[in-house]
Structures are given as C-alpha cells and as structure tokens.
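A.B. asks: Any chance you could fold what I've pasted below:
(chains A and B)
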Amino acid sequence: AQSVTQPDIHITVSEGASLELRCNYSYGATPYLFWYVQSPGQGLQLLLKYFSGDTLVQGIKGFEAEFKRSQSSFNLRKPSVHWSDAAEYFCAVGARRSGGYQKVTFGTGTKLQVIP
Amino acid sequence: EAQVTQNPRYLITVTGKKLTVTCSQNMNHEYMSWYRQDPGLGLRQIYYSMNVEVTDKGDVPEGYKVSRKEKRNFPLILESPSPNQTSLYFCASSLGTGIGEQYFGPGTRLTVT
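C.D. replies: Numbering: from 1, shown residues only, chains lettered A, B, ... in the order given. I've put the predicted structure just below:
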C-alpha cells in the first residue's frame, strides 16, 4: 500500500523568503504525485502533478516540485513567498489499481504561515 | 463555471438522526469520491465511484453509505450519525477513472452532538 509523509506540520517563513515543503512517499512502482493547496475555508486546489518525464515540474502560482526517485521525495518549492501563499499544503500519491481506477493517498498536510 | 458543489456547507445534528450531504458536479466526470478531513490525519477516502451504479469502499467507510444513480450526483448518507463522525467532508470528482487531477467541492463541516 502506498503512503505519504509530510514531516513538517507547521512552517513559518518571511514574505519574500524561499520555501521548501517536504514530502516523502512509499510505493513500489512509479507513482503519480500531486501537491494540493487548501486556503482557509476552501476546498483543495491542484498546484502541480508528476506522472512521468521531466522530474522538475512547474505548477501554478510560481510553485515547482522535484521528483527524486532515489530519495522517494517530491518536495515543493517556491523562490519567493507571498503573503497570499499562507495556506495548508497537501502532498498526495496516486496509484493505479485493478479496474483502472486511481487510489490517492494524502499526507497529513503542512500549514504555512507567512510573516511580513 | 466548472465546479463541484456540496450542500449543506455547515450542519449541526444529534446522534442517530439520519442525514444526507449532497454532492454535484457539472463537468461530466466519471469518477467521484468522498473524503473526510481531520486534524493531524489529512484527508481519508470514505467511498468512491467510478461511474453510475459503481461504488466501492475507501479507507474509512464504516458508518457511511453512498449512491450513484446519476452521473453528476454522489450523495453521502449517514444513517445513524455518531460524534466520531464530526469532521470536515469533501466531495471530489475526476475525469475518467480518477487518474489525474481531482476537483474538490468547498467542504461540509459536520458536527454531531
């Protein structure tokens, strides 16, 4: 069974500083990997995804993530954080099951606080 | 506008009183899913549906029922709610069999007293 670990429950960064959110996954084959963002009182929105190909993927809002198979990681980065990036971020891993559907497992989330 | 809608957004109820949370999507997606979100536990899948009349259990299905009689609707039913079902619930949909991006509804905050 697949699993996802987000080791940082809460992170605080200054506006304009760089950001890296960590995500480690466990899955026997090549996974589908996702980062979602949840703003306060909202549902989740996809930031970016990795299925195959280039291991550095670009997403919306200036975010990027790098898939490192050797480290089973898919860390999310942003070079300069804006106050509007304050939210909770979820890493997720998807795997294709018999019958063709996707089983998605979410991490426990990292809450980002941005200080002026 | 492409969206997933849920109703109600907030609900306070008492133990044992049956309730239904509705979910509807206007994107003609085959795959729909229900999740619950609890602090420190992330999102956990309750049930999913690959198409009309095709549903299956997720990771935490106990105490919940679902149905998929129409492609656009996927209601979540709690026949006898208990306080441990107090949570934030999300409906999501996805094109095809669910591989790829999921589109989430705004959430339903349920409190069972």
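
A.B. asks: Can you get me a residue count around the residue in chain B that chain A sits nearest to?
C.D. replies: Of all residues in chain B, residue B:104 sits closest to chain A, with a separation of 3.5 Å (Cβ to the nearest Cβ). For every residue, glycine as well, the C-beta is placed using N, CA and C. Residue B:104: 23 surrounding residues under other Cβ atoms under 10 Å in any protein chain shown.

A.B. asks: beta partners of it?
C.D. replies: With DSSP bridges as the criterion, residue B:104 is bridged to residue B:92.

A.B. asks: right, and it touches residue A:37 too?
C.D. replies: No. Counting by Cβ atoms under 8 Å, residue B:104 sits too far from residue A:37 to count as a contact (10.8 Å).

A.B. asks: what do these two both touch?
C.D. replies: A:44, A:45 (Cβ atoms under 8 Å, 6 or more residues apart in numbering or on different chains).

A.B. asks: CA-only coordinates of the lowest-mean-pLDDT helix or strand in chain A, as CSV, when you get a sec.
C.D. replies: Using mean pLDDT, DSSP states H and E, strand A:102-106 stands out as the lowest-scoring helix or strand of chain A, at a mean of 85. What follows is strand A:102-106 as a C-alpha-only set of coordinates in CSV (Å, rounded to 0.1, in the frame of the first residue of the first chain):
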residue,chain,number,x,y,z
GLN,A,102,-6.7,5.6,-9.1
LYS,A,103,-6.2,5.2,-5.4
VAL,A,104,-5.0,8.5,-4.0
THR,A,105,-3.4,8.8,-0.5
PHE,A,106,-2.9,12.2,1.1
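
A.B. asks: Packing partners of it?
C.D. replies: Where contact means 3 or more Cβ pairs under 8 Å, 6 or more residues apart in numbering or on different chains; DSSP states H and E, strand A:102-106 is packed against strand A:3-5, strand A:32-38, strand A:87-96, strand B:42-51.

A.B. asks: can you tell which of the ones you listed is closest to residue B:31?
C.D. replies: Closest approach to residue B:31 among the helices and strands packed on strand A:102-106 is made by strand B:42-51 (5.8 Å; Cβ to Cβ).

A.B. asks: near chain B, which residues of chain A?
C.D. replies: For chain A, the residues in contact with chain B (Cβ under 8 Å from any Cβ of the partner chain) are A:4, A:9, A:32, A:34, A:36, A:41-46, A:49, A:51, A:90, A:94, A:96, A:99-104, A:106-109.
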